[in-house]
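Trainee: Give me a model of this one.
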Amino acid sequence: MKEDTRKRIMDISLELSRRYGFLSFRVEDILKYAHISRATFYKYFRNRQEVFFALVDDKADEIDSAIRSAVNGESGPYDKLRVFITLGIAGIRELLGTLNIRMSETDLFPAMSRERIERKNERDLRIIRDILSEGEREGSLVLEDMDVTARAVMGIGREIGLKAIMENKDMETVQRETGVILTALFFGISSQGHK
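Mentor: This next block holds a predicted model:
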């Protein structure tokens, strides 16, 4: 029963967010539509922002699972990283769309906790390291420093993602740009005509 009430609060919050935008409803609206008391709400969440983070965590877990599945369906580190980056960007867009949040509104949300950010970074780095390690085992990659390379790939992915979301780029453009950057990372940058 306890988990049902928590889920109902989250489901109502998600529905209100989809309908009006997350910034446009209050705890009182959740109480009204969930048919619960203020005391019941506060048993599960301290405030609306905590509901937001619970919704984000649930959606992020769903997106991560889809990314892992897609990555495992690819062969070779280049294709796996390309899928990892592009699906990560698509996932962020989906998350913002699910919660009906425009990128311009993200500054109005409370900052994510350091723990939450570190947890996400570690998950991403673990996936990237697994991909790079597989490439080393297969002999398609020779890495001087696994950690530096993994962090570079993560940084590249985040930069492409931020720019894609801020500029509302279509996924075809995102995939092309990701391919160009990863090609430069994997195969180097050649300079014809320079002596």
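Trainee: Could you pull out the helices in the chain for me?
Mentor: Taking DSSP state H as the test, the helices found in the chain are 2-20, 27-34, 38-44, 48-72, 77-98, 114-138, 146-166, 171-187.
Trainee: so for the fifth one, what's the average pLDDT?
Mentor: The pLDDT scores in helix 77-98 average 91.
Trainee: Can you spell out which helices and strands pack onto it?
Mentor: Packing partners of helix 77-98 (3 or more Cβ pairs under 8 Å, 6 or more residues apart in numbering; DSSP states H and E): helix 2-20, helix 48-72, helix 114-138, helix 146-166, helix 171-187. The way it works is simple: take the backbone N, C-alpha and C, and place the C-beta from them, glycine included.
Trainee: and if you look at the second one?
Mentor: Here helix 27-34 is seen to pack against helix 2-20, helix 38-44, helix 48-72 when contacts are counted using 3+ Cβ pairs under 8 Å, 6+ apart.
Trainee: Minimum distance to residue 138: which of these has it?
Mentor: Residue 138 lies closest to helix 48-72 among those, at 14.8 Å (Cβ to Cβ).
Trainee: Outside of that closest one itself, list whatever touches it.
Mentor: For helix 48-72, the external contacting residues (Cβ atoms under 8 Å, 6 or more residues apart in numbering) are 9-10, 13-14, 17, 22, 25-27, 30, 45, 80, 83-84, 87-88, 91, 94-95, 98-99, 109-110, 112, 116, 120, 123, 127, 131.
Trainee: go again using 7 Å as the cut-off
Mentor: Applying Cβ atoms under 7 Å, 6 or more residues apart in numbering, the external contacts of helix 48-72 come out as 9-10, 13-14, 22, 26-27, 45, 80, 83-84, 87-88, 91, 94-95, 98-99, 109-110, 123, 127, 131.
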